[in-house]
Structures are given as C-alpha cells and as structure tokens.
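K.L.:
Mind looking at a prediction? Sequence and model below.
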Amino acid sequence: MQIFHTISEMRAWSNAEKLAGRRIAFVPTMGALHEGHLSLLREGRMRGDRLVLSIYVNPTQFAPAEDLAKYPRDLEGDLAKARAEGTDAVFVPNDAMMYPERFQTYVTVEEVTKSLCGASRPKHFRGVSTVVAKLFNIVQPDTAIFGEKDFQQLVVIRRMVLDLNMPVDIVGCPIVREPDGLAMSSRNKYLSAEERAAALSLNRSLIEAGRMIESGEKRADSILARVRSFIEDEGKGLMRIDYASIVDAETLRDLAQIKQPALLALAAFAGKTRLIDNRCFR
Ligand code: AMP
C-alpha cells in the first residue's frame, strides 16, 4: 500500500494508473476508521481496479465552536485497517497544502444545502463540496463512494458533480450500525455510557416511524410528533433535538405527506456531541 503525503505524488500515481487504463475508486474520509468506512472501502474495491482512501480532517467544514481540534485521529490504526481491506493508496494531505496562503476559491451548492444540517451548520457544506472537488481534482477517480449516514452530503456531492460536469460516478452505501442499532460514527467515541444509551433513541425512533408509515400513516407532522416524543422519552431527557424532518430524498424539500422516496432525517445532541441518523423510504 502506497502512502502519499503530497499532492504531486498522489497525482503522479493516479496519472500513471489512468494511463495504464485502470479505473480508480475513491473513498474520502476524515479518518478514525470504523466499520462504516470499511464498508465503503469494500464497495470501492469491487468497483475499481485501484482503490484510494483519503484521510483528511478538513478544517473548512467545521465552525469555530465545533470539534475540529479534538476530532479523533488514529493514523497508524487507520493505515492497518486500510491495508487489510486491500487499499492500494492512501492520501494524507495537510492543511498547508490543501489551503495555502491566500486560498479564496470555494464551491457552493445552493438549494440542497439550505435545510437540515445546512440550517444549523451554515458553512459546513461549502467546506465539504470544496474539499471533495479538490480531492477529485487530485485523485482523479472514476468512482467515489460515500455513506448514506451523511445523506445530505451525498445529495450535495451528486448535485456538484452534475452541475460542474465532473467525470466521477457517485455511489451511495447503506448506514452501518452497531449491533444495538446506533449508527457508527467517529464521534460516538465522545459519548459517556449514559449518553450512548440515550442515543439509541434515534434509531429506535426511525424504526417506530417506519412502523407508522408501513401501517399507512401519510402525515409528516404526526410521524414527526411521534419521533420527537419518542426521542424525548427514550432519551431520558439527555437528548436535545436539533431537527427532525421528513423531506423529499432528492430535493430535500419538506414533505407534508409521505411521497416516496422520502427521507426522515434526524440531528440531536447527546450532551455536547451532535449525532445524525436517517432512514430513507423508497
Ligand atoms: P467521515 O470520515 O465521517 O467524513 O465519513 C467518511 C465517509 O464515511 C462518508 O461518506 C460517510 O457518509 C461515511 N460513513 C460514516 N459513517 C458511516 C456509517 N455508519 N455507515 C456508512 N457510511 C458511513
């Protein structure tokens, strides 16, 4: 497995692979790899002749009061996991090369970044789309794999690739959960035992909403009222809901009535840790 710490090394390797006619599959991450990330690597392994992973905690997608400084980092552990999944190359850039002095060019995806996480994290998606565009320019993948855990991010990236004619196939993979249902996240490391137990209310509320929808409930407001009271009760007062929304899974616009594909998306704080989860009804 090759490990590249510079843009020029990464680009030279990709150029050579492409000249040899090989397809590159790419999985961008912020590291602290867990089974969710590994599922993306496995998907990528099947979709490309060469598999590239990037590990970069991107400062422009964090607001000043967020957890950039304490975001979990474990490069050695990540490299061992990547190697075990058959990764061919790992790109590990630093801030100075990604955002050199006088950096001033950003990619802004407009409409689909306004709701859900975009409403509570105003510059977050500008940071995400900018860094992903840069990574695509450097790695030059044929395919890039993202998790549905960050459903809005996947919609934003698909929009950017269409709008800017980037020659990259975007593939979405299902949410990987812990055995008890908690969606895997690098941020789960921050949770105390009580907060972790309370956080199970998120997935359980999604299951409860699924039951309501399967039994014919169409009104988004009744489903959301049930989801909110479920998280409040099962979360034993430890969860603070940021949003609970039912939106069209393509436009991310609010739905008053369930019309598939619909997305039920949640964000909530367990203590200081912001967690997200979702379920798509197709
Ligand atoms: P991150 O390192 O958190 O930026 O995530 C990198 C990629 O892994 C993104 O495409 C995420 O959506 C994806 N991902 C994170 N957690 C999960 C999960 N539990 N299941 C599936 N994909 C995930």
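P.N.:
Sure, I can see it.
K.L.:
The host helix or strand of residue 265 pairs with which strands?
P.N.:
Using DSSP states H and E, residue 265 sits within strand 262-270. Strand 262-270 sits in its sheet next to strand 239-248 (antiparallel), strand 273-281 (antiparallel), going by DSSP bridges.
K.L.:
Let's see that strand as PDB, backbone CA atoms only.
P.N.:
Once non-C-alpha atoms are left out, strand 262-270 reads as follows in PDB (Å, rounded to 0.1, in the frame of the first residue of the first chain):
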ATOM      1  CA  ALA A 262     -38.900  10.200   1.400                       C
ATOM      2  CA  LEU A 263     -36.100  10.800   3.900                       C
ATOM      3  CA  LEU A 264     -36.700  11.000   7.600                       C
ATOM      4  CA  ALA A 265     -33.600  12.800   8.900                       C
ATOM      5  CA  LEU A 266     -32.600  13.500  12.500                       C
ATOM      6  CA  ALA A 267     -29.900  15.500  14.200                       C
ATOM      7  CA  ALA A 268     -29.700  15.600  18.000                       C
ATOM      8  CA  PHE A 269     -27.200  16.400  20.700                       C
ATOM      9  CA  ALA A 270     -26.300  13.800  23.300                       C
END
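K.L.:
Tell me the span between the first and last residue of stretch 144-156.
P.N.:
Length of stretch 144-156, first residue to last, Cα to Cα, to the nearest Å: 13 Å.
K.L.:
picking that back up, need the strands paired with strand 262-270 in a markdown table (columns: distance to residue 119).
P.N.:
(Glycine included, C-beta is placed from N, CA and C.) A markdown table is the format used below for the strands paired with strand 262-270 (distance: least, Cβ to Cβ, whole Å):
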| stretch | distance to residue 119 |
| --- | --- |
| strand 239-248 | 7 |
| strand 273-281 | 13 |
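K.L.:
Quick check: which of these is nearest to the ligand?
P.N.:
strand 273-281 (9.1 Å; Cβ to the nearest ligand atom).
K.L.:
got the residues of the stretch 51-200 of the chain near the ligand?
P.N.:
146-147, 149-150, 173, 175-176, 183-186 (Cβ under 6 Å from any ligand atom).
K.L.:
Try it again at 5 Å.
P.N.:
Proximity of the stretch 51-200 of the chain to the ligand, by Cβ under 5 Å from any ligand atom, involves residues 146-147, 149-150, 175-176, 183-184.
K.L.:
In the stretch 101-250 of the chain, which residue sits nearest the ligand?
P.N.:
residue 147 (2.1 Å).
K.L.:
tally of neighbours for residue 204?
P.N.:
18 (other Cβ atoms under 10 Å).
K.L.:
Also residue 278?
P.N.:
Neighbourhood size, residue 278 [other Cβ under 10 Å]: 22.
K.L.:
Same check on residue 102?
P.N.:
Neighbours of residue 102 (other Cβ under 10 Å): 5.
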